[in-house]
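Asker: Sequence first, then the predicted structure, then my questions.
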Amino acid sequence: MKLGYHVGYWSTGAPAGVVETIAEAERLGFDSIWTAEAYGSDCLTPLAWWGSATSRVKLGTNILQMSARTPTATAMAAMTLDHLSGGRFVLGLGASGPQVVEGWYGQPYPRPLARTREYIEIVRAVVARQAPVEYGGQFFQLPYQGGTGLGKPLKSTVHPLRTEIPIYLAAEGPKNVALAAEVADGWLPLFFSPKADGFYRSALAEGFARPSARRTPDDFEVAASVPVVVDDDVERAADRIRPHLALYVGGMGAKNVNFHREAIARLGYEDVCETIQELYASGRKQEAAAAVPTAMVEDLALVGPVAKIKDELSKWEESVVTTLLVQGDPGTLRAIAEAAG
């Protein structure tokens, strides 16, 4: 199982110590580094800036939000970063949720799976550069239909470094996971747990079995974001993760449309998630975090002494996960590299 470093989202500004941590990740032999975006910093600018100081690691977006850019704009960015990095770019895409898509980007959310399929087809057509791009989809048309009538099919002025750039799809629900297996080169799970390995294997198998599937389980990447806290005190380590889980269970998405909550509830925490969501919605965020049981943290994260983490890693290695994406300082990266070694 490979290791990657996930910078994550910004809060008030750029995370401290990222340059040093990226350098340590490359020194330790990590396979990749990743940046994210939601409704603050973007993911492409930091990846280009920090990635310019690297020479070997893959550079990925986890995730680039599809509603933020047209498919052709995303393809342009992907080709540009692939050239600048010498062919190390990985395009991680995600649909996000209706609160962000409609509330921040002002784009419609309904039918995200069908929209994703069209989006990826256009990105691939631009990167392949075999002909001027024409597309007559339900959600995207090239040239645009109903405008001046002056638009014409175009072909990128840039010749791609690679005519295929790897595309990974972020997904949590079973239908979207199956779509990832069908149309993408990899899957970016959030809140993955080895306990749910069978559930996700089934969803992936459905996608791999479709006639249009591009990959097989043997050449498909699964890069899972996994919180890691190294500490001799397990409860103290879990305390670092509880607010994060409470935020995603209780504060991300609407009450009845929260894909993160659903993924965690499927692990057997339906009642707990209901409690967390009610506390968070009423403004009692500290109580919501306190309601996150240590067992839930340990299902979704690696916490505690290095020896404990090393022992638990075997469950992840036996799962569909091919790359573990971790966040933390250089010390955390060294500890997880030691445990994984």
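Answerer: That came through fine. As the structure is a computational prediction, the values presented were derived from the model and not from experiment. Residues are numbered from 1 along each chain as shown.
Asker: So which residues of the stretch 1-150 of the chain form strands?
Answerer: For the stretch 1-150 of the chain, applying DSSP state E, counting those that start in this stretch gives strands covering 2-8, 32-35, 58-61, 64-65, 89-94, 135-136, 141-142.
Asker: Nearest to L204 among those strands would be which one?
Answerer: Smallest distance to L204 across these (CB to CB): 16.8 Å, for strand 89-94. Yep, even glycine has a C-beta here, placed from its N, CA and C like the rest.
Asker: what's the angle from that closest one to strand 2-8?
Answerer: Strand 89-94 runs at 60 degrees relative to strand 2-8, counting by axes from the mean of the first three to the mean of the last three CA atoms, to 10 degrees.
Asker: Strand 89-94 - contacts with which helices or strands?
Answerer: Judged by 3 or more CB pairs under 8 Å, 6 or more residues apart in numbering; DSSP states H and E, strand 89-94 is in contact with strand 58-61, strand 64-65, helix 71-84, helix 112-128, strand 167-170, strand 186-188.
Asker: follow-up on the earlier one: can you say which of the strands of the stretch 1-150 of the chain is nearest to G106?
Answerer: For these, the distance to G106 is smallest for strand 64-65, at 12.6 Å, taking CB to CB.
Asker: for the closest one, the distance to its chain's centre please.
Answerer: Averaging C-alpha positions (CA atoms, centre = their mean, to the nearest Å) puts strand 64-65 9 Å from its chain's average.
Asker: counting contacts, what elements does that strand pack onto?
Answerer: Strand 64-65 is packed against strand 89-94, with contacts defined by 3+ CB pairs under 8 Å, 6+ apart.
Asker: Show me how far the strand it packs on is from its chain's centre.
Answerer: 8 Å.
Asker: Check stretch 301-317 too.
Answerer: That offset, for stretch 301-317, works out to 22 Å (CA atoms, centre = their mean).
Asker: Mind listing what's buried along that stretch?
Answerer: Neighbour-count burial for stretch 301-317, counted by 16 or more other CB atoms under 10 Å, picks out 301-306, 308-310, 312-313, 316.
Asker: distance of D197 from A23?
Answerer: 33 Å (CB to CB, to the nearest Å).
Asker: returning to what we had before: ok, which of the strands of the stretch 1-150 of the chain comes nearest D82?
Answerer: Smallest distance to D82 across these (CB to CB): 4.2 Å, for strand 89-94.
Asker: Show me which parts of that closest one are buried, residue by residue.
Answerer: Across strand 89-94, burial judged by 16+ other CB under 10 Å covers 89-94.
Asker: of the residues you listed, closest to A38?
Answerer: Of all the buried residues of strand 89-94, G94 has the smallest distance to A38: 10.0 Å, by CB to CB.
Asker: Enumerate the beta-bridge partners assigned to that closest one.
Answerer: Q65 (DSSP bridges).
Asker: got the contact list for it?
Answerer: G94 makes contact with 63-66, 169-171, 188 under the criterion CB atoms under 8 Å, 6 or more residues apart in numbering.
Asker: Columns neighbour count and distance to Q327 on top of these, output as JSON lines?
Answerer: What follows is the contacts of G94, written out as JSON lines (neighbours: other CB atoms under 10 Å; distance: CB to CB, whole Å):
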{"residue": "I63", "neighbour count": "23", "distance to Q327": "15"}
{"residue": "L64", "neighbour count": "23", "distance to Q327": "18"}
{"residue": "Q65", "neighbour count": "24", "distance to Q327": "19"}
{"residue": "M66", "neighbour count": "24", "distance to Q327": "23"}
{"residue": "L169", "neighbour count": "25", "distance to Q327": "21"}
{"residue": "A170", "neighbour count": "27", "distance to Q327": "16"}
{"residue": "A171", "neighbour count": "29", "distance to Q327": "20"}
{"residue": "L188", "neighbour count": "29", "distance to Q327": "14"}
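Asker: Report the spatially closest residue to V229, excluding sequence-adjacent ones.
Answerer: With sequence-adjacent residues excluded and distances taken as CB to CB, 6 or more residues apart in numbering, V229 is closest to A237, at 4.1 Å.
Asker: In this model P227 seems to touch the one you found, though I could be wrong.
Answerer: No: using CB atoms under 8 Å, A237 makes no contact with P227, being 9.7 Å away.
Asker: between those two, who's got more neighbours?
Answerer: Applying other CB atoms under 10 Å to A237 and P227 shows that A237 carries more neighbours, namely 24 against 21.
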